[in-house]
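A.B. asks: Give me a 3D structure for the following:
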Amino acid sequence: MGPISRRAALHRLGGLSAALVAAPAFAQSAWPNKPIRYIVPFAPGGTTDILGRIAGEKLAPILGQPVVIDNKAGQGGSIGAAELARAVPDGYTIGGGTISSHAINASLYSKLSYDPITSFAPITMYATQPNVLLVHPGVPAGNLAEFIRLLKASPDKYGFGSAGSGTSQHISGELFKSMAGVAMQHIPYRGSGPMMTDLLGGNLQVAVDNIATAIPHMKSGKLRALAVTTASRSQAAPDVPTFAEQGLTGYELSSWQAVFAPAGTPQPIIERLHTEIARILKLPDIQKRFADLGLDPSGMAPQELAAVVRTDVPRLGKVVRDSGAKAD
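C.D. replies: Numbers count the residues shown, from 1 in each chain. A predicted model of the protein is given here:
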């Protein structure tokens, strides 16, 4: 091969290499060019579902593509989380994750088909919030002390509902039982929505739920709130005392809500989603809605959310073991 043809060949090879390098960048820069699936690992009506729909509604016009909500409920968020972990990491599947699906379940279930730490690419945390112990108005207890006396007088007469085994609501209830020395059967549902229907209808007498889904019914008087699970009272319901200030010293459990992608999702996509969602969380209408629901907005960076998960898996594992909770 003469010098001219060799030079031409090298030029063509160089052009091909440049094209190969540019192809992924081009494909990535075109994201998104089709609808995005958003997996909600709980039934419609709960906090995770509410936040997924808020995010989807706000993201769609920003990204120029629909965000399609897909509820995959069961096992404290584990079924939906497992499906998210298996999804192709191309930016077209994201999903809600909670303190349950991404921390508690690692200790509560003997086998999970995903690893909360390594199976996901964290995007951001939406918010933290208290859980609240609720009773139907027909339960003859106006405060936590009266409720504890009622439970001790009639062991196992009352069961408490939660959004599912392994949820923060479940563990909050188990921690209450353990610290108060009372007996109640756990009644898991496939999400807060169906549980709340039974509680409001009187088919269920006691429940623990996120304050975001409980507060409308607390304010209307349809449900009675006995205690919040956080160390301090919620600004959304300042008249509801904490467990700790009612005698259960040291009781504290905050719930968090976040959004994840499958591990391996391109970092520029993760960064774009974090940027847009963090911006959405600062919008005045969203700030007001979160405040009304008792949610404390976050918007933390992906690496900060990763650190929360790494910390909470062992921390809440101890809470699960100390409470004696088991998956149903």
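A.B. asks: Not counting its neighbours along the chain, what's nearest Pro241?
C.D. replies: Leaving aside its sequence neighbours, Pro241 sits nearest to Ala227 (CB to CB, 6 or more residues apart in numbering; 6.1 Å). In this view, the C-beta of every residue, glycine as well, is placed from N, C-alpha and C.
A.B. asks: Please read the previous query as pertaining to Leu273.
C.D. replies: In space, Leu273 is closest to Ile123, 5.0 Å off (CB to CB, 6+ apart).
A.B. asks: Next up, the contacts around the one you found.
C.D. replies: Counting by CB atoms under 8 Å, 6 or more residues apart in numbering, Ile123 makes contact with Ile94, Ala258, Val259, Phe260, Ala261, Ile270, Leu273, His274, Ile277, Pro302, Leu305.
A.B. asks: let's see it at 7 Å
C.D. replies: By CB atoms under 7 Å, 6 or more residues apart in numbering, the contact list for Ile123 reads Ile94, Val259, Phe260, Ala261, Ile270, Leu273, His274, Ile277, Pro302.
A.B. asks: before we move on, what about Ser119?
C.D. replies: Ala85, Ala263.
A.B. asks: now Val309
C.D. replies: Val309 sits next to His102, Ala103, Pro116, Ile117, Pro122 when contact means CB under 7 Å, 6+ apart.
A.B. asks: and the nearest residue to the third one once chain neighbours are set aside, how many residues sit next to it?
C.D. replies: Same thing as Pro116. For Pro116, ignoring the flanking residues on the chain, the nearest one in space by CB to CB, 6+ apart is His102 at 4.3 Å. By other CB atoms under 10 Å, the residues close to His102 number 29.
A.B. asks: Pull out the buried positions in stretch 199-213.
C.D. replies: Neighbour-count burial for stretch 199-213 flags Leu199, Leu204, Gln205, Val206, Ala207, Val208, Asp209, Asn210, Ile211, Ala212, Thr213 (criterion: 16 or more other CB atoms under 10 Å).
A.B. asks: Find the nearest non-adjacent residue to the fifth one, please.
C.D. replies: Spelled out, that is Ala207. Ala207's closest residue in space is Gly161 (CB to CB, 6+ apart), at 4.0 Å.
A.B. asks: helix or strand for the one you found, which one?
C.D. replies: Assigned by DSSP states H and E, Gly161 belongs to strand 159-162.
A.B. asks: quick one: strands adjacent to that strand?
C.D. replies: Strand pairing for strand 159-162, using DSSP bridges, gives strand 185-188 (parallel), strand 206-210 (parallel).
A.B. asks: hang on, the earlier thing: from the contacts of Val309, which is closest to Val88?
C.D. replies: Val88 has its nearest neighbour among the contacts of Val309 in Pro122, at 18.0 Å by CB to CB.
A.B. asks: Please report how far the closest one lies from Asn71.
C.D. replies: Distance from Pro122 to Asn71, counting by CB to CB, to the nearest Å: 21 Å.
A.B. asks: which one of those two has more residues nearby?
C.D. replies: The residue with more neighbours, out of Pro122 and Asn71, is Pro122; 25 against 21, by other CB under 10 Å.
A.B. asks: Val309 in helix, strand or coil?
C.D. replies: Classification of Val309 by DSSP: H, G, I helix; E, B strand; the rest coil places it in helix.
A.B. asks: Model confidence score at it, please.
C.D. replies: Looking at Val309, its pLDDT reads 96.
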